[in-house]
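Engineer: Fold the stuff below for me.
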Amino acid sequence: MPTLIGKTGLFFAAALLVAGGTTVSMAGQGDVKRGQAVYTAQKCQLCHAVAGKGNKANPLDGAGTKLTADDIRQWITHPTEMTAKAKSTKKPPMPNKYGSLPAADLDALVAYLQSLK
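Structural biologist: The predicted model follows:
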């Protein structure tokens with residue numbers, strides 16, 4: 001009988017891990033969705049494009065594979081420093097006004113941009 005209890009316990013633990021992974025994934029999807037709303041509300045599409053929508057001069061497609069979450073956050077909060085670091089010559093340069101976004105909005109925007117792979 002101990003073997004049956006062990007197998008049942010193991011099955012239950014595996015089910016919890018799968019369910020927990022789904023919950024985390026769904027929470028992450030919520031952040032991505034909220035970040036997309038922040039992207040739209042902040043009118044990022046005036047200077048950037050995602051999936052061909054917006055200003056095609058500065059596409060963000062693939063940002064999640066090219067940049068870390070911290071790099072994306074730095075571009076949003078400290079664009080002048082990141083422009084110098086990247087030696088970017090894109091015009092106009094990214095404005096320095098997004099560092100004052102509420103933390104939850106900033107986190108969601110980073111999650112959205114990180115999802116662009």
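Engineer: How confident was the prediction at residue 34?
Structural biologist: For residue 34, the model assigns a pLDDT of 97.
Engineer: Grab the nearest non-local neighbour of it.
Structural biologist: Excluding the flanking residues, the one nearest residue 34 by CB to CB, 6 or more residues apart in numbering is residue 108, at 3.9 Å. For the C-beta atoms, the positions are set from N, CA and C on the backbone; glycine is no exception.
Engineer: try residue 28
Structural biologist: Leaving aside its sequence neighbours, residue 28 sits nearest to residue 111 (CB to CB, 6+ apart; 6.7 Å).
Engineer: what's the answer for residue 51, then?
Structural biologist: Nearest non-adjacent residue to residue 51, counting by CB to CB, 6+ apart: residue 61, 6.5 Å away.
Engineer: Any figure for the gap between the one you found and residue 108?
Structural biologist: Residue 61 is 19 Å from residue 108, where distance means CB to CB, to the nearest Å.
Engineer: So between the two, which is more surrounded?
Structural biologist: Comparing residue 61 with residue 108 by other CB atoms under 10 Å, the one with more neighbours is residue 108, at 22 against 14.
Engineer: I'd say the more buried one and residue 39 touch.
Structural biologist: No. Using CB atoms under 8 Å, residue 108 is not in contact with residue 39, being 9.1 Å away.
Engineer: Just the pLDDT at the residue nearest to residue 51, thanks.
Structural biologist: The per-residue pLDDT of residue 61 was computed as 97.
Engineer: which is the next helix or strand following the strand or helix carrying residue 33?
Structural biologist: Using DSSP states H and E, residue 33 maps to helix 2-41. Downstream of helix 2-41, the next assigned helix or strand under DSSP H and E is strand 49-50.
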